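K.L.:
heads up, no residue letters with this:
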């Protein structure tokens, strides 16, 4: 019955966050949840995804390889050791903030938490996208869309 406990925990967390949001106390509930269920350590994280408001995604795996994607069909891979994964995780965590919004700000997703968190300094995100783009290899169809719609820190209007 572990799935029932997990499901009950998720429902409880959702209810607490809804109540806290209504009362304007969302950050205090988030701190309490982080105390009860601390975020995974850098060693426990196996991959991260970074999203921009204009539909770019950068997935980085723990070996430093990954994939850069625009929309659902334009992508290219990059090799192992392109990134130092533990450093990227630490850097991104240090730039997470609670004031951002999905669709408006760059986001980082730690799959262990299964939630996106806004990044305060979008310049770090754009720098990561450029590094991945420069390291791309193998088959891919991303060059044309990169030239027309590069990763941006603001939604395209």
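P.N.:
Sure thing, it's come through. Since we're looking at a predicted model, the values are computed, not measured.

K.L.:
leaving out chain neighbours, which residue sits closest to residue 70?
P.N.:
Across the structure, with CB to CB, 6 or more residues apart in numbering as the measure, the residue nearest residue 70 apart from its sequence neighbours is residue 145 (4.8 Å). In this view, the C-beta of every residue, glycine as well, is placed from N, C-alpha and C.

K.L.:
find the helix or strand that that neighbour is a member of.
P.N.:
Using DSSP states H and E, residue 145 sits in helix 143-148.

K.L.:
would you map out the domains in this protein?
P.N.:
Domain ranges of the chain: 1-38, 44-148, per automatic domain parsing.

K.L.:
least reliable of the ones you listed going by mean pLDDT?
P.N.:
Comparing mean pLDDT across the domains of the chain, the weakest is domain 1-38, with a mean of 59.

K.L.:
quick one on the thing from earlier: who's in contact with the residue nearest to residue 70?
P.N.:
Under the criterion of CB atoms under 8 Å, 6 or more residues apart in numbering, the neighbours of residue 145 are 70-71, 74.
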